[in-house]
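Student: Provided below for reference: sequence and predicted model.
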2 protein chains.
Amino acid sequence: MIVIQNMVRIDKRLAEPVYLQLSNGIANVIQQGHLKPGTALPSSRKLAEFFDIHRKTVIAAFDELQAMGWVEAQPRKGLFVASTLPVAKARAVAPVKISGAYPETTAYAVDTHQYVFDRPFSPRRERIVINDGFPDTRLAPVDLLVREYRRFSNYRFTSKFLSYGPAQGSENLRSELARFLNTTRGMNITPANVLITKGSQLAIYLVSQVLLKKGDEVIVAEPGYTGGTELFKYAGAGVNFVPVDADGMDTGAVEKICKKKKIRLLFVIPHHHQPTTVTLCAERRVQLLELARKYEFAILEDDYDFDFHYASSPILPLASVDFCGNVIYVGSFAKTIAPAIRIGFLVAPVNLVEQATWLRKMVDRQGEQLMEEAMANLLRNGDIDRHLKKANKVYHERRDHLCSLLRSELGGLVEFEVPAGGFAVWARFGDRQLASISAAAARLGLGLTTGHDYWHLPANRINAARLGFASLNEKEMEEAMGLLRKAVHAV
Amino acid sequence: MIVIQNMVRIDKRLAEPVYLQLSNGIANVIQQGHLKPGTALPSSRKLAEFFDIHRKTVIAAFDELQAMGWVEAQPRKGLFVASTLPVAKARAVAPVKISGAYPETTAYAVDTHQYVFDRPFSPRRERIVINDGFPDTRLAPVDLLVREYRRFSNYRFTSKFLSYGPAQGSENLRSELARFLNTTRGMNITPANVLITKGSQLAIYLVSQVLLKKGDEVIVAEPGYTGGTELFKYAGAGVNFVPVDADGMDTGAVEKICKKKKIRLLFVIPHHHQPTTVTLCAERRVQLLELARKYEFAILEDDYDFDFHYASSPILPLASVDFCGNVIYVGSFAKTIAPAIRIGFLVAPVNLVEQATWLRKMVDRQGEQLMEEAMANLLRNGDIDRHLKKANKVYHERRDHLCSLLRSELGGLVEFEVPAGGFAVWARFGDRQLASISAAAARLGLGLTTGHDYWHLPANRINAARLGFASLNEKEMEEAMGLLRKAVHAV
């Protein structure tokens, strides 16, 4: 009794429940050898009195100790410290364990040049950051997500989702997504056409691994999404570049390449091209589909920001008029809600979905079931739709505010067009080196891209940056543009 | 007013909040064209009276409608249907959209033979299932997980975790895991040695892709974890088999192969070999480490069930005495808590962790941050430790119960040894064909493996099955063994 009184501390203000504080405390006393196996525990009444807590709380702590094996009950005698303690008395592998440091490098050779990128792992540390065009996590409906997770406390509901699940993703989510895409994108798919992925990244990775072999040829836009191009190269493909103008990817240039070599895959972001934000016009969409049929290549359509359009009514995706099976459609809630909501999707004819699903099973077996089920409910309830509509309104205002600030604060210093949608303005700084502007901005506490990621070939680089407006509120945006003006003037 | 009264239904018994029922209802009326742009909305007082709800509820619905852009306020006049509705009036790509069906197959060729497995996607549908040895999801501390998710409602806490995060995984979780592994496994690592993965599957996939090239040679046990072997083959490696006896993998056979060819990687499950449940003895562990140093290969140590040992004190993992950097250590909470808790980890010297992290970034960019942060807290609070201790006690009892049922119900029909830990008993059925027993069991409503997955080479197959005891309670186990006896007798 005395040793428990001396060593165990109960603090009712802590988040940890009192019964767990008590059971953990007593377990520690036992583990440290202060209460030997076979010793009788004090009665619940005595402990309750001493710690000034309810006797039921002490009994809950005793139950916990018994469940964990620290104490055992003897009929009509009470509780005693267990004769065999539930402590891992692990044996070392060698008779004498040499207490060495963990090795700094491997004993076998590791090729440290197979994956080399110039992008840092860590997020920017500046006080205020103009990002590349991410959604504002402060608008994310986390409370609704948490509401869905609370339902998982109900065992009857949860047990199914805690076991292994389908590699293709939650059936509920695939149904809701098919409905959502058919309604919003004019598509005509069934849940069998949908594979749930981890963000659009896994979707592009799977497609590139399933479709591309060493020596295959791929077409991408320059400038473009170099993160996708890395995956095509990693799969062994050769990469061909076509320019982008005010109407999007140059389809004439696409056909020229097709006439010279067999193309396996074309990657396109039609809604708002990354990085320039231009929209692929309807005429070129039809041309791309015709070229794909004629030259028998696959179109990988990355439509990450379809849900955000401000100016005019959006043109539907290529996938909505793909009646021959040339288009693979990819999207993600990581891009529309918050980067951590890593629910992406791949839409394609069943024979491709099946192969991608097999590979997915090899890579990481299945998705995050609890998150998938939560998202299925949020889609069904209309919560996602409501969130997107609200966010669309906010981002529309932020786009307008950024464009007016660019005119008032940086007039004559930047060129830009007002984007029809999405999260960013494509701003050109003329002869001023973007790398120098970025460095000057960093000194002022403003994070700004160096723009290197936008270009495959350094020779093509111009001094242009995506200025993300979606995650900056009015005040932050004004501060950021003030700092950006100073940074540009400093160059 | 009349159209809203006629078309909108409020039902206070529904889970959907009343204010959302009202705002969604009104939004529908507007979208369907029954209230034209510019029409005045009825006052909140009138709507509150008609629907018999609080006026504040109506005002909340109005706020929602305004936020979504369905209505707009005119100062001192009230609310009006918005002049521009927030509805996507999407334009079709082609002037006349042909309303075609979605294509059944791709227009381009897809190799449907690159990933072929004989395992089904879908879970077993029998009334009662003897699985391969999974944890009981009914014991999983879902309430604690949900408690952690509730903290995410607090924006200040959450914002950071909703943005993009480190590809190597949550810093908090890597710290807690390093501490956890050092304490429980006698390791001596820092968070820089840890990469958080999605289950052990992604860890093994990354290692195989980073280390193996076409023509490399790998050693695995036969029988063994064929799911791992698939990944080595997919990476282009040749596979060499060594037998397993009562002391685990045959190290003599390992050395014989090493003398003949250059080995790049050896895969071993030392704690309880999959499928036979035998423990690799200490002497052979030392031998394996010596062979790895001598022949310069990497050891991939899959230690998925270390936390569950019943009979004796466990031998520490090979990684605990790896002072030269030969061992890559892999584990997962999917195996110890619930399959849906897909937090796995890879532990290795920094140069390998870095390469695996780069590849991970290409594959799916990052892990599930919210789940990672929740698990970090559960580890820090000691909740995981408490759960493992409790589950250990329950599984210990279930192992004993299964073994006694095997003796009483199936005496003379099966051979087995009592496993020292883990989740399953390795039961041999002699000359009776396991496939026939499995088929007979299915007819009785009992799910049982055909055992094909355990063997790389069909010629090696014996009639043996893993009988998972961890996820069956006493009553279920008795029923399952009763059915199994009938099934064996039927063959």
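Tutor: That came through fine.
Student: isn't A:R386 up against B:M68?
Tutor: Yes: applying CB atoms under 8 Å as the test, A:R386 and B:M68 come out as touching, 6.2 Å apart. For every residue, glycine as well, the C-beta is placed using N, CA and C.
Student: so where's chain A uncertain?
Tutor: For chain A, applying pLDDT under 70 flags the ranges A:14-16, A:32, A:86-92, A:94-100, A:113-124, A:155-157, A:312.
Student: what ranges does it have for its strands?
Tutor: Assigned by DSSP state E, chain A shows strands spanning A:71-74, A:78-81, A:128-129, A:194-198, A:217-222, A:238-245, A:248-249, A:265-268, A:298-302, A:327-332, A:343-347, A:424-428, A:446-447, A:464-468.
Student: now the longest helix along chain A, how far from the chain's geometric center?
Tutor: Looking across chain A with DSSP state H, the single longest helix is helix A:383-410. Offset of helix A:383-410 from its chain centre (CA atoms, centre = their mean, to the nearest Å): 22 Å.
Student: same deal with stretch A:5-12?
Tutor: 43 Å.
Student: what about it, start to end distance?
Tutor: 16 Å (CA to CA, to the nearest Å).
Student: count the neighbours of A:R443 for me.
Tutor: By other CB atoms under 10 Å in any protein chain shown, 12 other residues sit near A:R443.
Student: any idea how far B:E296 is from A:E104?
Tutor: Separation of A:E104 from B:E296 (CB to CB, to the nearest Å): 17 Å.
Student: for A:G25, grab the count of nearby residues.
Tutor: 17.
Student: could you find the closest non-adjacent residue to it?
Tutor: Excluding the flanking residues, the one nearest A:G25 by CB to CB, 6 or more residues apart in numbering or on different chains is A:V8, at 3.3 Å.
Student: and of the strands of chain A, who's closest to A:A167?
Tutor: Closest to A:A167 of the strands of chain A is strand A:194-198 (CB to CB; 8.5 Å).
Student: helices and strands around that closest one, which ones?
Tutor: Contact analysis of strand A:194-198 by 3 or more CB pairs under 8 Å, 6 or more residues apart in numbering or on different chains; DSSP states H and E lists helix A:171-185, helix A:199-211, strand A:343-347, helix A:350-364 as its packing neighbours.
Student: domains of chain A?
Tutor: Domain assignment for chain A by automatic domain parsing gives A:2-81, A:128-134+A:387-490, A:142-381.
Student: if we can go back for a sec, in the longest helix of chain A, what's buried?
Tutor: Within helix A:383-410, the residues scored as buried using 16 or more other CB atoms under 10 Å in any protein chain shown are A:383-393, A:395-396, A:398-399, A:401-403, A:405-406, A:409-410.
Student: please give me every residue in contact with A:H387.
Tutor: Taking CB atoms under 8 Å, 6 or more residues apart in numbering or on different chains, we find A:H387 in contact with A:L139, A:A140, A:P141, A:L144, A:I337.
Student: and with 10 Å instead?
Tutor: Counting by CB atoms under 10 Å, 6 or more residues apart in numbering or on different chains, A:H387 touches A:P135, A:L139, A:A140, A:P141, A:L144, A:D307, A:F333, A:T336, A:I337, A:L378, B:M68.
Student: counting neighbours, what do you get for the fourth one?
Tutor: Spelled out, that is A:P141. Neighbour count of A:P141, defined by other CB under 10 Å: 18.
Student: just to revisit the earlier point, now for A:R386 and B:M68: what residues contact both?
Tutor: The contact lists of A:R386 and B:M68 share B:S23, B:N24, B:A27, where a contact means CB under 10 Å, 6+ apart.
Student: from B:N28, how far off is the residue sitting furthest away from the middle of chain A?
Tutor: The centre of chain A is farthest from one residue, A:R76, which by CA atoms, centre = their mean lies 57.0 Å away. In this view, A:R76 and B:N28 are 68 Å apart by CB to CB.
Student: same check on A:Y164?
Tutor: Taking CB to CB, one finds A:Y164 at 39 Å from B:N28.
Student: more neighbours, the two?
Tutor: A:Y164 (16 against 13).
Student: and the nearest residue to the more buried one once chain neighbours are set aside, what does it touch?
Tutor: Excluding its sequence neighbours, the residue lying closest to A:Y164 (CB to CB, 6+ apart) is B:P339, at 4.4 Å. Counting by CB under 10 Å, 6+ apart, B:P339 touches A:161-165, A:365-366, A:369, B:134-135, B:137, B:140, B:199, B:332-333.
Student: which among those end up buried?
Tutor: Buried by 16+ other CB under 10 Å: A:161-165, A:365-366, A:369, B:134-135, B:137, B:140, B:199, B:332-333, out of those.
Student: wait, which of those residues is closest to B:T229?
Tutor: Nearest to B:T229 out of the buried ones among the contacts of B:P339 is A:R365 (CB to CB; 15.4 Å).
Student: mind listing what the closest residue to that closest one other than its chain neighbours touches?
Tutor: In space, and not counting its chain neighbours, A:R365 is closest to B:Q201: 4.5 Å by CB to CB, 6+ apart. With contact set as CB under 10 Å, 6+ apart, B:Q201 has these partners: A:361-366, B:227-228, B:231, B:330, B:332, B:334, B:342, B:344.
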